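Q: for reference, the sequence and a predicted model appear below.
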Amino acid sequence: MLFIIASVIAIIISALEIAFYNKKRSVGYCITTIIRNIVCIDLISLEVFRLLFMKPLHLRGFIDTSEFSTKAYVIFTLTAIVIGFLLQVFIAFFNTRLTVEKDEPKHKIGAGIFKAFTVLVFFLGVAAREGTVWGRKAFGGVTGDQLIINLTSPTEGTEASVYIDAFEGPILKTFVLTILFALIVFGSYKLYYAFKDSNKRAVFNDFAKRITCFVLAVVCLVSGVQYGVQKFKLNMVFNAYVRHSTIIEDNYVDPETANIKWPEKKRNLIHIYLESMENSYLSKELGGFMPENLMPNLTELAKTGTVFSDTDKYFGGPEKGTGTQWSIASMVNQMTGLPMKAPGWINTYGADGKFLPGAYTLGEMLEKQGYEQTCMIGASGTFGGLRYLFDTHGNWKFFDYDYAKENGYIPKDYKKNWGFEDDKLYAFAKEEITRLYETGKPFNFTMEDADTHRPGGYVSKGKKKPFKFKYANAIWNSDKDVCEFIKWIQAQPFYENTTIVLIGDHISMETEFFKQAGFTKDYKRTQFNCIINPAPSVGKPDEKVTRNRKWANWDFFPTIVASIGGEIEGNRLGIGTNLFSGEKTIFEEVGVKKANKQLEMGSKMYNEQILQVEKLEDAAGDVELKTTKKAQLKK
């Protein structure tokens, strides 16, 4: 069918070529012209169409088009027409019928300003599209709320390859395309065409070129912005700032005033965020997507603990809730029982003392119970404002890449991956946990590994690489490392009175790996989770409690409290529900889609009580921010 479409277009273009500028009209010459155009337009159109739109298909896909949509036929038809037009332009130049001469615009200043504006419009359009393509490839399903928060949060400590990738991708491509477009826009010329009567006539002057380029630039901008809005779900930003919902107000239980009965002997907590660790890495028979299980050790370990699954299989995880699918958001969810929402007016996550100042967190709760607490990561805590979350909420010792350099754990100029690699992280963690235990106080140790972080993951020198893809090797080695670390914990004297919480912080953003692995859209990706050795008060829950659950990261806040022996009246903290209780979560009560839609919207309570941001206008009409104390808000 595609051959027929291209051939018909080639015949029409051949007829126009013969009619308008072929001096020879012999039968042989006409047949040669038609054959030349059919061969060239057919083959070039098919190859361009395959490369640009149908990459997975081969020649068989062009012969058997039974599964082609109407859109595919339309795109191919337009492709063939463009190829035919370009072929005619080439032939016209080759036959010296089409010539170019310099053309001076009548109004040089006005024309120059218009051309500069046209180039700017084109630049913005290309930047919007290329930025979106790179963002989706680099970070996966980034949403509007995450985009706003990340753009307004500190970026110090970002792994260098992210900047390099951005430069080599959207930045370089945008500037190269813009420069090429500018050369066309600012070049002043006329196109002359010699018709059959040999009279040379101007068919395209500088004015026509300016208008054509401007139209193309506007189309580029509109399509680029529309593509960004669609892929980044920027309607969520509109919802966050324009529309409002009371779902948080209606379901929120203040952790500071909640009635929680704690055991007399406090239980230790080790909370490990596993970077990008998800259930898709399991083998297909276990509910994953891999031909071979990339997490064999975590698989066996999880069987000794409690896993909360969204399916009837043992392995499963949380739904993708609004404000949950990046590292710091996941920590906010599990420490506050709340989603991480876009700020009310300006960024409130990037400064000390302003990171959710009205939230009452797990850290503050355990501080009040006399816990000694440490958070340890191998990257710089400045990135995304993570340090401020822990500095603001509880008596935490914050051990990050910067702390390790300042205190002699690593050389001042040491840098691997995002800071220091997981080999060192687990070695330092053993030392720190031992120190916490020796204080004689109950302890809360929180950490996050990083070797499975994008881009590509990290595999330390000397580690095995049994798989073709680097990222698969990073996952496989990370699985081995964390389980060896847990075996060490289980051999310590404090283990009997210690709960270990394991959870993938979010689903992976390493899009290229999933593309190479052949992931399909109908496969539902979820975070790995497992709670080892929970308090006797929760025991081993029934399958009715652990399977076919609809829950989100914020439900882990009260669940963790219960796992270390806290008995929560009402089984809810923040908007999270204690999963051990078997009571319905917000997702189970309202529905995942409906709840997420409402959580996308702005929340007066979240802005005023949690972010503690108010919009005030002074006498001059300027907008300023005022942070108030939580006690004043409650009044």
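A: On my side now, so go ahead. Numbering: from 1, shown residues only.
Q: show me what the strand or helix carrying residue 213 is packed against.
A: Assigned by DSSP states H and E, residue 213 belongs to helix 206-231. Helix 206-231 makes packing contacts with helix 108-139, helix 172-186, strand 189-194 when contacts are defined by 3 or more C-beta pairs under 8 Å, 6 or more residues apart in numbering; DSSP states H and E. For every residue, glycine as well, the C-beta is placed using N, CA and C.
Q: so where is the chain shaky, pLDDT-wise?
A: Scanning the chain for pLDDT under 70 picks out 20-25, 52-68, 91-108, 134-169, 188-204, 231-241, 343-353, 383-384, 613-635.
Q: would you turn the helices and strands packed on helix 206-231 into a markdown table with distance to residue 432 and mean neighbour count?
A: Shown next, in a markdown table, are those (distance: least, C-beta to C-beta, whole Å; neighbours: other C-beta atoms under 10 Å):
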| stretch | distance to residue 432 | mean neighbour count |
| --- | --- | --- |
| helix 108-139 | 31 | 18 |
| helix 172-186 | 42 | 15 |
| strand 189-194 | 70 | 17 |
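Q: quick one, which of these is nearest to residue 451?
A: Proximity to residue 451 (C-beta to C-beta) singles out helix 108-139 among those, at 17.9 Å.
Q: what's the angle between the helix holding residue 213 and helix 108-139?
A: Per axes from the mean of the first three to the mean of the last three C-alpha atoms, to 10 degrees, the angle that helix 206-231 makes with helix 108-139 is 20 degrees.
Q: who are the contact partners of the closest residue to residue 449 other than its chain neighbours?
A: Spatial nearest neighbour of residue 449, excluding adjacent residues (C-beta to C-beta, 6 or more residues apart in numbering): residue 422 at 4.7 Å. Residue 422 is in contact with 378, 449-451, 458, 460, 478, 481, counting by C-beta atoms under 8 Å, 6 or more residues apart in numbering.
Q: JSON lines for those, including distance to residue 225 and neighbour count?
A: As requested, the contacts of residue 422 are exported to JSON lines (distance: C-beta to C-beta, whole Å; neighbours: other C-beta atoms under 10 Å):
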{"residue": "378", "distance to residue 225": "38", "neighbour count": "29"}
{"residue": "449", "distance to residue 225": "38", "neighbour count": "25"}
{"residue": "450", "distance to residue 225": "34", "neighbour count": "25"}
{"residue": "451", "distance to residue 225": "37", "neighbour count": "26"}
{"residue": "458", "distance to residue 225": "35", "neighbour count": "23"}
{"residue": "460", "distance to residue 225": "43", "neighbour count": "15"}
{"residue": "478", "distance to residue 225": "38", "neighbour count": "28"}
{"residue": "481", "distance to residue 225": "43", "neighbour count": "20"}
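Q: residues near residue 288, how many?
A: By other C-beta atoms under 10 Å, the residues close to residue 288 number 23.
Q: list the contacts of it.
A: Per C-beta under 8 Å, 6+ apart, neighbours of residue 288: 279-282, 315.
Q: by neighbour count, which of those wins?
A: residue 281 (30 neighbours).
Q: list the contacts of that one.
A: 288-290, 293-295, 475, 528.
Q: if I look at it, how far off is residue 606?
A: 34 Å (C-beta to C-beta, to the nearest Å).
Q: ok, residue 333 next?
A: From residue 333 to residue 606 the distance is 13 Å (C-beta to C-beta).
Q: those two: which is more packed in?
A: residue 333 (28 against 24).
Q: check which helix or strand covers that one.
A: helix 327-336.
Q: show residues contacting that helix.
A: So helix 327-336 is in contact with 146, 149, 255, 271, 273, 275, 321, 323-324, 338-340, 349, 356, 359-363, 384-386, 389, 393, 448, 503, 505-506, 552-554, 556-557, 560, 574, 576, 610, going by C-beta under 8 Å, 6+ apart.
Q: what about that helix, distance to the chain center?
A: Computed by C-alpha atoms, centre = their mean, to the nearest Å, the separation of helix 327-336 from the middle of its chain amounts to 16 Å.
Q: can I get that helix in PDB? Just the C-alpha atoms.
A: Presented in PDB, the C-alpha positions along helix 327-336 are these (Å, rounded to 0.1, in the frame of the first residue of the first chain):
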ATOM      1  CA  SER A 327      14.000  10.600  46.200                       C
ATOM      2  CA  ILE A 328      13.400  13.500  48.500                       C
ATOM      3  CA  ALA A 329       9.600  13.300  47.900                       C
ATOM      4  CA  SER A 330       9.600   9.700  49.000                       C
ATOM      5  CA  MET A 331      11.400  10.600  52.200                       C
ATOM      6  CA  VAL A 332       8.900  13.400  52.800                       C
ATOM      7  CA  ASN A 333       6.100  10.900  52.300                       C
ATOM      8  CA  GLN A 334       7.400   8.400  54.700                       C
ATOM      9  CA  MET A 335       8.500  10.900  57.400                       C
ATOM     10  CA  THR A 336       5.300  13.100  57.300                       C
END
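Q: immediately after it, which helix or strand?
A: helix 362-368.
Q: quick one: the helix or strand that that following helix is followed by to helix 327-336, angle?
A: Following helix 362-368 in sequence order, the next helix or strand is strand 372-377 (DSSP H and E). Calculated by the same axes, to 10 degrees, strand 372-377 forms an angle of 160 degrees with helix 327-336.
Q: mind giving me the packing neighbours of the helix or strand that strand 372-377 is followed by?
A: For strand 372-377, the following helix or strand on the C-terminal side (DSSP H and E) is helix 386-392. The helices and strands touching helix 386-392, judged by 3+ C-beta pairs under 8 Å, 6+ apart, are helix 327-336, strand 396-399.
Q: neighbours around residue 437, how many?
A: Look at residue 437: counted by other C-beta under 10 Å, it has 18 neighbours.
Q: circling back: if any of the contacts of helix 327-336 are buried, put those into a PyMOL selection.
A: Filtering those down to the buried ones (16 or more other C-beta atoms under 10 Å) takes a single PyMOL command:
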select buried, resi 146+149+255+271+273+275+321+323+324+338+339+340+349+356+359+360+361+362+363+384+385+386+389+393+448+503+505+506+552+553+554+556+557+560+574+576+610
